[in-house]
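Trainee: need a 3D model of the following:
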Amino acid sequence: MSRLAAGPLGIVSALPEELAALLSLVEAPRSVTAAGRQLHQGRLHGHEVVLVLCGIGKVAAALTTTLLIERLGVRSLLFTGVAGGLGAHVRVGDVVVARTLLQHDMDASPLFPRHQIPDLRMDELPADAVLSRALGEAARAVVQQPPAAVASFGLAAPRVHEGLVISGDRFVSTSAESAALRQRLPQALAVEMEGAAMAQVCMAYGVPCAVLRTVSDRADDQAHVDFPRFLAEVTSPMSREIVSAALRGLCKD
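Mentor: Numbering: from 1, shown residues only. Below is the predicted model of the structure:
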(Lines give C-alpha, C1' and ligand atoms only; values in the text may rest on other atoms or scores of the structure.)
Protein backbone atom coordinates (compact mmCIF):
# COMPACT_ATOMS: atom_id res chain seq x y z
CA MET A 1 0.00 0.00 0.00
CA SER A 2 1.38 3.43 -0.98
CA ARG A 3 1.72 6.23 1.53
CA LEU A 4 0.41 9.76 1.10
CA ALA A 5 2.78 12.60 2.03
CA ALA A 6 2.46 13.62 5.70
CA GLY A 7 0.14 16.58 6.24
CA PRO A 8 -3.20 17.69 4.79
CA LEU A 9 -4.28 16.71 1.29
CA GLY A 10 -5.77 19.50 -0.80
CA ILE A 11 -8.61 18.43 -3.10
CA VAL A 12 -9.29 21.09 -5.70
CA SER A 13 -12.49 20.95 -7.76
CA ALA A 14 -13.11 22.79 -10.99
CA LEU A 15 -16.91 22.93 -10.62
CA PRO A 16 -19.29 23.48 -7.67
CA GLU A 17 -21.15 20.23 -8.30
CA GLU A 18 -17.97 18.18 -7.93
CA LEU A 19 -17.00 20.02 -4.77
CA ALA A 20 -20.45 19.40 -3.27
CA ALA A 21 -20.30 15.68 -4.08
CA LEU A 22 -17.03 15.28 -2.18
CA LEU A 23 -17.88 17.72 0.60
CA SER A 24 -20.93 15.63 1.49
CA LEU A 25 -18.54 12.85 2.60
CA VAL A 26 -16.25 15.00 4.78
CA GLU A 27 -16.35 14.36 8.51
CA ALA A 28 -16.54 17.29 10.95
CA PRO A 29 -16.24 19.96 8.22
CA ARG A 30 -15.24 23.50 9.11
CA SER A 31 -14.66 26.38 6.74
CA VAL A 32 -12.47 29.46 6.50
CA THR A 33 -12.45 32.12 3.79
CA ALA A 34 -9.30 33.53 2.23
CA ALA A 35 -8.56 35.31 -1.06
CA GLY A 36 -12.21 34.98 -2.04
CA ARG A 37 -12.19 31.22 -1.64
CA GLN A 38 -14.00 29.07 0.90
CA LEU A 39 -11.67 26.41 2.24
CA HIS A 40 -13.37 23.36 3.76
CA GLN A 41 -11.32 21.39 6.28
CA GLY A 42 -12.10 17.99 7.76
CA ARG A 43 -11.39 14.30 7.35
CA LEU A 44 -12.19 12.08 4.39
CA HIS A 45 -11.67 8.32 4.61
CA GLY A 46 -9.29 8.86 7.50
CA HIS A 47 -7.19 11.53 5.78
CA GLU A 48 -6.95 15.18 6.81
CA VAL A 49 -8.22 17.15 3.81
CA VAL A 50 -8.89 20.68 2.59
CA LEU A 51 -11.47 21.01 -0.20
CA VAL A 52 -11.79 24.13 -2.33
CA LEU A 53 -13.37 25.38 -5.53
CA CYS A 54 -10.59 26.55 -7.83
CA GLY A 55 -12.07 28.98 -10.32
CA ILE A 56 -11.33 28.87 -14.04
CA GLY A 57 -7.94 29.31 -15.66
CA LYS A 58 -4.25 29.12 -14.85
CA VAL A 59 -4.06 32.19 -12.61
CA ALA A 60 -6.99 30.91 -10.53
CA ALA A 61 -5.30 27.52 -10.24
CA ALA A 62 -1.95 29.03 -9.25
CA LEU A 63 -3.59 31.28 -6.65
CA THR A 64 -5.62 28.42 -5.17
CA THR A 65 -2.59 26.13 -5.02
CA THR A 66 -0.42 28.76 -3.33
CA LEU A 67 -3.15 29.55 -0.84
CA LEU A 68 -3.55 25.90 0.15
CA ILE A 69 0.19 25.41 0.62
CA GLU A 70 1.01 28.72 2.36
CA ARG A 71 -2.12 29.29 4.44
CA LEU A 72 -3.23 25.77 5.39
CA GLY A 73 -0.03 23.76 5.12
CA VAL A 74 -1.30 21.36 2.47
CA ARG A 75 1.42 18.83 1.62
CA SER A 76 -0.11 17.12 -1.43
CA LEU A 77 -2.74 18.16 -3.96
CA LEU A 78 -5.31 16.47 -6.14
CA PHE A 79 -7.29 18.25 -8.87
CA THR A 80 -10.54 16.83 -10.19
CA GLY A 81 -12.64 18.23 -13.04
CA VAL A 82 -13.74 17.81 -16.63
CA ALA A 83 -11.71 18.11 -19.82
CA GLY A 84 -11.98 17.96 -23.57
CA GLY A 85 -10.73 14.76 -25.16
CA LEU A 86 -7.89 15.05 -27.70
CA GLY A 87 -6.40 11.57 -28.01
CA ALA A 88 -7.81 9.49 -30.85
CA HIS A 89 -9.16 6.84 -28.49
CA VAL A 90 -10.34 9.20 -25.73
CA ARG A 91 -14.14 9.30 -25.69
CA VAL A 92 -16.79 11.26 -23.82
CA GLY A 93 -17.24 9.63 -20.42
CA ASP A 94 -13.67 8.33 -20.24
CA VAL A 95 -11.34 9.16 -17.36
CA VAL A 96 -7.88 10.65 -17.83
CA VAL A 97 -5.17 10.60 -15.16
CA ALA A 98 -2.27 12.95 -15.88
CA ARG A 99 1.22 11.53 -15.86
CA THR A 100 2.65 14.79 -17.19
CA LEU A 101 1.19 18.27 -17.74
CA LEU A 102 2.06 21.03 -20.21
CA GLN A 103 0.89 24.60 -20.88
CA HIS A 104 -0.09 24.58 -24.54
CA ASP A 105 -0.26 28.40 -24.67
CA MET A 106 3.20 28.99 -23.16
CA ASP A 107 5.33 30.56 -25.89
CA ALA A 108 8.45 32.57 -25.04
CA SER A 109 10.01 31.94 -28.46
CA PRO A 110 12.42 32.79 -29.96
CA LEU A 111 14.17 33.19 -26.61
CA PHE A 112 13.06 29.71 -25.53
CA PRO A 113 11.49 26.75 -27.32
CA ARG A 114 7.71 26.87 -27.58
CA HIS A 115 5.92 25.39 -24.52
CA GLN A 116 9.08 25.53 -22.39
CA ILE A 117 8.74 27.24 -18.99
CA PRO A 118 11.80 29.51 -19.04
CA ASP A 119 12.81 29.35 -15.37
CA LEU A 120 12.45 25.57 -15.30
CA ARG A 121 13.81 24.81 -18.79
CA MET A 122 11.03 22.19 -19.00
CA ASP A 123 7.81 21.85 -20.91
CA GLU A 124 6.19 18.71 -19.48
CA LEU A 125 5.85 18.72 -15.70
CA PRO A 126 5.49 15.36 -13.92
CA ALA A 127 2.52 14.47 -11.76
CA ASP A 128 3.28 12.60 -8.55
CA ALA A 129 3.71 8.87 -9.19
CA VAL A 130 2.13 7.71 -5.90
CA LEU A 131 -1.01 9.84 -6.18
CA SER A 132 -1.37 9.19 -9.90
CA ARG A 133 -1.03 5.44 -9.45
CA ALA A 134 -3.67 5.50 -6.70
CA LEU A 135 -6.03 7.48 -8.94
CA GLY A 136 -5.41 5.18 -11.91
CA GLU A 137 -6.08 2.02 -9.89
CA ALA A 138 -9.19 3.55 -8.34
CA ALA A 139 -10.48 4.75 -11.71
CA ARG A 140 -10.03 1.34 -13.31
CA ALA A 141 -12.06 -0.21 -10.50
CA VAL A 142 -14.82 2.41 -10.60
CA VAL A 143 -15.37 2.29 -14.37
CA GLN A 144 -16.20 -1.41 -14.06
CA GLN A 145 -19.49 -0.26 -12.52
CA PRO A 146 -20.00 3.30 -13.81
CA PRO A 147 -23.00 5.49 -12.95
CA ALA A 148 -26.20 4.21 -14.55
CA ALA A 149 -26.56 7.51 -16.41
CA VAL A 150 -23.62 6.59 -18.67
CA ALA A 151 -25.87 4.25 -20.62
CA SER A 152 -28.71 6.78 -20.78
CA PHE A 153 -26.38 9.20 -22.56
CA GLY A 154 -25.67 6.53 -25.17
CA LEU A 155 -22.02 6.33 -24.13
CA ALA A 156 -19.80 3.27 -24.32
CA ALA A 157 -18.35 1.81 -21.13
CA PRO A 158 -15.83 4.34 -19.76
CA ARG A 159 -12.14 3.64 -20.12
CA VAL A 160 -9.14 4.99 -18.21
CA HIS A 161 -6.22 6.71 -19.94
CA GLU A 162 -2.93 7.88 -18.42
CA GLY A 163 -0.49 10.30 -20.01
CA LEU A 164 -0.12 13.92 -21.09
CA VAL A 165 -2.79 16.48 -20.16
CA ILE A 166 -2.42 20.01 -21.54
CA SER A 167 -3.68 23.29 -20.07
CA GLY A 168 -4.27 26.79 -21.42
CA ASP A 169 -6.27 29.94 -20.81
CA ARG A 170 -8.68 29.21 -23.62
CA PHE A 171 -11.76 27.01 -23.77
CA VAL A 172 -11.08 24.76 -26.78
CA SER A 173 -14.40 24.17 -28.53
CA THR A 174 -13.84 24.05 -32.29
CA SER A 175 -12.61 21.30 -34.57
CA ALA A 176 -9.94 23.60 -35.98
CA GLU A 177 -8.48 24.34 -32.54
CA SER A 178 -8.47 20.74 -31.39
CA ALA A 179 -6.94 19.57 -34.68
CA ALA A 180 -4.16 22.16 -34.34
CA LEU A 181 -3.42 20.98 -30.79
CA ARG A 182 -3.34 17.33 -31.89
CA GLN A 183 -0.92 18.17 -34.68
CA ARG A 184 1.36 20.19 -32.41
CA LEU A 185 1.10 17.90 -29.37
CA PRO A 186 0.19 14.45 -30.67
CA GLN A 187 0.69 12.74 -27.29
CA ALA A 188 -1.90 14.92 -25.54
CA LEU A 189 -4.87 12.97 -24.22
CA ALA A 190 -7.01 15.85 -22.95
CA VAL A 191 -7.13 19.63 -22.73
CA GLU A 192 -8.28 21.75 -19.80
CA MET A 193 -7.49 25.11 -18.17
CA GLU A 194 -5.81 24.57 -14.78
CA GLY A 195 -3.75 21.42 -14.22
CA ALA A 196 -0.36 22.49 -15.57
CA ALA A 197 -0.45 25.73 -13.57
CA MET A 198 -1.07 23.77 -10.38
CA ALA A 199 1.78 21.44 -11.28
CA GLN A 200 4.18 24.36 -11.77
CA VAL A 201 3.38 25.87 -8.37
CA CYS A 202 3.63 22.45 -6.72
CA MET A 203 7.03 21.88 -8.31
CA ALA A 204 8.27 25.20 -6.90
CA TYR A 205 7.17 24.17 -3.40
CA GLY A 206 8.19 20.53 -3.68
CA VAL A 207 4.60 19.41 -3.10
CA PRO A 208 3.29 16.31 -4.93
CA CYS A 209 0.20 16.73 -7.09
CA ALA A 210 -2.08 14.71 -9.35
CA VAL A 211 -4.82 15.54 -11.85
CA LEU A 212 -7.98 13.54 -12.56
CA ARG A 213 -10.23 14.54 -15.47
CA THR A 214 -13.48 13.16 -16.83
CA VAL A 215 -13.95 13.78 -20.55
CA SER A 216 -17.12 15.83 -21.16
CA ASP A 217 -16.61 16.57 -24.87
CA ARG A 218 -14.19 16.15 -27.73
CA ALA A 219 -13.02 19.80 -27.64
CA ASP A 220 -14.63 20.42 -31.02
CA ASP A 221 -17.83 21.82 -32.52
CA GLN A 222 -19.69 18.52 -32.68
CA ALA A 223 -22.92 18.04 -30.73
CA HIS A 224 -22.34 18.06 -26.99
CA VAL A 225 -24.09 16.12 -24.26
CA ASP A 226 -26.52 17.87 -21.92
CA PHE A 227 -23.66 19.25 -19.82
CA PRO A 228 -25.51 20.14 -16.57
CA ARG A 229 -27.11 16.69 -16.50
CA PHE A 230 -23.84 14.99 -17.49
CA LEU A 231 -22.08 16.83 -14.68
CA ALA A 232 -24.71 15.92 -12.10
CA GLU A 233 -25.28 12.30 -13.11
CA VAL A 234 -21.92 11.14 -14.50
CA THR A 235 -18.94 13.37 -13.75
CA SER A 236 -19.62 14.29 -10.12
CA PRO A 237 -20.54 10.81 -8.86
CA MET A 238 -17.70 9.19 -10.80
CA SER A 239 -15.13 11.68 -9.47
CA ARG A 240 -16.46 11.19 -5.94
CA GLU A 241 -16.10 7.40 -6.19
CA ILE A 242 -12.64 7.53 -7.77
CA VAL A 243 -11.26 9.98 -5.20
CA SER A 244 -12.84 7.97 -2.37
CA ALA A 245 -11.40 4.70 -3.65
CA ALA A 246 -7.96 6.28 -4.10
CA LEU A 247 -7.93 7.63 -0.55
CA ARG A 248 -9.03 4.32 0.88
CA GLY A 249 -6.08 2.72 -0.92
CA LEU A 250 -3.50 5.16 0.46
CA CYS A 251 -1.92 4.85 3.90
CA LYS A 252 -3.24 7.46 6.30
CA ASP A 253 -1.07 10.34 7.46
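Trainee: elements contacting the strand or helix carrying residue 98?
Mentor: Residue 98 is part of strand 95-103 when elements are defined by DSSP states H and E. Applying 3 or more CB pairs under 8 Å, 6 or more residues apart in numbering; DSSP states H and E, one finds that strand 95-103 contacts strand 125-126, helix 129-142, strand 160-167, strand 188-192, helix 195-205, strand 209-217. Where C-beta positions appear, they are placed from N, C-alpha and C, glycine not excepted.
Trainee: redo that, cut-off 10 Å
Mentor: Here strand 95-103 touches strand 76-85, strand 125-126, helix 129-142, strand 160-167, strand 188-192, helix 195-205, strand 209-217, helix 236-249, going by 3 or more CB pairs under 10 Å, 6 or more residues apart in numbering; DSSP states H and E.
Trainee: now do that strand and strand 188-192, the angle between them.
Mentor: For strand 95-103 against strand 188-192, the angle by axes from the mean of the first three to the mean of the last three CA atoms, to 10 degrees is 80 degrees.
Trainee: before we move on, the earlier item: of all the helices and strands packed on strand 95-103, which lies closest to residue 108?
Mentor: Closest to residue 108 of the helices and strands packed on strand 95-103 is helix 195-205 (CB to CB; 13.9 Å).
Trainee: my guess is residue 175 contacts residue 86. True?
Mentor: No - using CB atoms under 10 Å, residue 175 makes no contact with residue 86, being 11.7 Å away.
Trainee: with neighbour numbers in mind, choose between those two.
Mentor: More neighbours surround residue 86 than the other of residue 175 and residue 86, with 27 against 12 (other CB atoms under 10 Å).
Trainee: ok, the closest residue to the more buried one other than its chain neighbours to residue 127 distance?
Mentor: Nearest residue to residue 86 in three dimensions, chain neighbours excluded: residue 188, at 4.8 Å (CB to CB, 6 or more residues apart in numbering). When distance is defined by CB to CB, to the nearest Å, residue 188 is 14 Å away from residue 127.
Trainee: alright, I will stop here.
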